[in-house]
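Trainee: Okay, sequence plus prediction incoming.
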2 protein chains.
Amino acid sequence: SVIETATVEETIEEVRRKSHEIDNISNVFVVDKEGRLAGAVPLDKLILADPETPVITIANRDPIKVRTDMDQEEVAKLFQKYDLISVPVVDHEGRLVGRITVDDIVDVLEEEIFEDFYKMAGLNVEARALDPAGRAIRMRVPWLLLNLCTAALAASVVKLFEGTIEQLVLLAVLMPIVAGMGGNAATQTITVVVRALALGELTFKNARWVLMKEVLVGFVNGCLTGGIAGLAAYLLGANIMVGLLLFLAMIANMMIAGLIGSIMPLVLKRFKVDPAISSSIFVTASTDIGGFFTFLGLATLFMKMGLL
Amino acid sequence: SVIETATVEETIEEVRRKSHEIDNISNVFVVDKEGRLAGAVPLDKLILADPETPVITIANRDPIKVRTDMDQEEVAKLFQKYDLISVPVVDHEGRLVGRITVDDIVDVLEEEIFEDFYKMAGLNVEARALDPAGRAIRMRVPWLLLNLCTAALAASVVKLFEGTIEQLVLLAVLMPIVAGMGGNAATQTITVVVRALALGELTFKNARWVLMKEVLVGFVNGCLTGGIAGLAAYLLGANIMVGLLLFLAMIANMMIAGLIGSIMPLVLKRFKVDPAISSSIFVTASTDIGGFFTFLGLATLFMKMGLL
């Protein structure tokens, strides 16, 4: 940085002195005598100026800057939005305390995206493949315990229909298909939604449209895959009513998947919680429960109606 | 770019002319009379040089460059490795055809990471939350059909043990817990492994260690969560042998999860396939099948031994 009273020639002299210790100089920051940021001059502008000019006259007087307490994700967004190479960092009194260059930001961005990724998988953001076993266990156990609770919830839904399964064990054979397909459809939905929220493409304005669309996509994909599954079950010797049951339950569960997969990240975002947290665990728990409930519930209904 | 016979003064003159159309100039590229890249001069070096010097004498004669046919992911890695601001792009004859700046790279990197993310979720990389329903359906159906095949495979494993379930319907209630916990553990493993492969932290050298560790982590987490699950089943009224069964099957399946979750991306990488493709679908299919097989298989064994 140079003081605002410096000339262009003095500024170039300063760049010369610093060029050995500082990489990738692209902007020279100008400060007032209290050290407060007064402007920024890109190097190419400096070259073109008359050496006698005071540097402050060619400086951008209100350059994009970041505060020391700014979140690194916000800083990264700023770099992306304005295609910046470097920004000055100022403290709460506007004093220049350093700079951030785009190569630091590249790492931050990578970090932030992997964080979303990690949260969706139920992983602590600090976890690494090369962690020792003890550390890996410590970091993964909380999520697995949470998953144990959601799995117990899903199992308790199956438990409700023990009598129904007793009458037709084939239901136990087919129920993982309904739950699994719903889980996969939900993962697809939640991944596009979390990405769109991270990139700011999805707002509360168009959220309703996305939600309706995801339910529609679930319906159509449910008809398609449920149709194939139901038909295959029938052709392989199952009662036609079991085929119909599979078809209907898969449609219902894939609609649930579209609904939960899009609504959960939006609700979390509304409550200022990271939408990526609506991870596999919660969303697939919903589709497990939804799948078991619709499939076994419909089967019970069919039995009561004498259809099965 | 300037011709190699230009002086520093002429080069600065050229920068002046171009500075209105080109953003963020940080390097001037020097070419020979056939247009081949002869060197690069950072702007700060240019400022410091004597105006009469031929620019080629202060240029870096062998700058980092990229070829027109280079993959964007490789280019991004180069920027990260060397903290570059811009690189010249040359064709197969070494002629300068353009430049890539770091702000382009930021977008590429973000894209690449999201791609991994997408592949793991079973999504086409082009899919977006704001796609119309028809496009969303078309893009997701292939993955769902694939998932239908793996789900059918898992169901056929359950089918093998229909007789066992008939004797004890409680098995159908508990089997989703074994499969689901394995699926979640596998997702955790695969996520750290895919990340480590993307960042180059994991190589074939330390792969064996990671693999052994993941199996160990699976064993310990299986003992822990399986112990809780087995005990809970027993306390809720199940036969103690059912509790033991749950405990043993969860240990086995979480070890399978650690093995498959780490081996699958490594094998794919070995065969030059993107490791992220070893997505949720394949890995959770393995843990579904593994979970059903160990749990119901052990139950059958227990029954034959008169323990259940």
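Mentor: Perfect, I can see it now.
Trainee: residues contacting the closest residue to residue A:192 other than its chain neighbours?
Mentor: Closest residue to residue A:192 apart from its sequence neighbours, by C-beta to C-beta, 6 or more residues apart in numbering or on different chains: residue B:129 at 4.4 Å. Glycine gets a C-beta too; all of them are placed from N, C-alpha and C. Applying C-beta atoms under 8 Å, 6 or more residues apart in numbering or on different chains, one finds that residue B:129 lies in contact with A:192, A:193, A:195, A:196, A:201, A:202, A:210.
Trainee: Would you list the buried entries among those residues?
Mentor: A:192, A:193, A:195, A:196, A:202, A:210 (16 or more other C-beta atoms under 10 Å in any protein chain shown).
Trainee: taking these one by one, which sit in helices?
Mentor: A:192, A:193, A:195, A:196, A:210 (DSSP state H).
Trainee: Pick the one among those residues closest to chain B.
Mentor: Taking C-beta to the nearest C-beta as the measure, residue A:196 is the one of those closest to chain B, at 3.5 Å.
Trainee: that older thread, can I get the buried ones among the contacts of residue B:129 in JSON lines including pLDDT?
Mentor: Converted to JSON lines, those look like this (pLDDT from 0 to 100):
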{"residue": "A:192", "pLDDT": "90"}
{"residue": "A:193", "pLDDT": "90"}
{"residue": "A:195", "pLDDT": "86"}
{"residue": "A:196", "pLDDT": "88"}
{"residue": "A:202", "pLDDT": "89"}
{"residue": "A:210", "pLDDT": "93"}
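Trainee: And the furthest pair within those residues?
Mentor: A:195 and A:210 (12.0 Å; C-beta to C-beta).
Trainee: How about the contacts made by the residue of chain A most remote from its centre?
Mentor: Here the centre of chain A is the reference, and by C-alpha atoms, centre = their mean the most remote residue is residue A:52, at 51.8 Å. Taking C-beta under 8 Å, 6+ apart as the criterion, residue A:52 is in contact with A:7, A:8, A:9.
Trainee: do residue A:80 as well
Mentor: Applying C-beta under 8 Å, 6+ apart, the residues near residue A:80 are A:109, B:103, B:106, B:107.
Trainee: Which of the residues you listed fall within helices?
Mentor: Members of these lying in helices (criterion: DSSP H): A:109, B:103, B:106, B:107.
Trainee: Which PyMOL command selects the buried ones in those?
Mentor: Selection of buried members from the ones in helices among the contacts of residue A:80 for PyMOL, criterion 16+ other C-beta under 10 Å:
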select buried, (chain A and resi 109) or (chain B and resi 103+106)
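Trainee: Residue A:22: which of the ones in helices among the contacts of residue A:80 is nearest?
Mentor: Closest approach between the ones in helices among the contacts of residue A:80 and residue A:22, by C-beta to C-beta: residue B:103, at 20.1 Å.
Trainee: and the closest residue to residue A:126 other than its chain neighbours, how many residues sit next to it?
Mentor: Computed as C-beta to C-beta, 6+ apart, the closest residue to residue A:126 that is not its neighbour in sequence is residue A:139, at 6.8 Å. Look at residue A:139: counted by other C-beta atoms under 10 Å in any protein chain shown, it has 19 neighbours.
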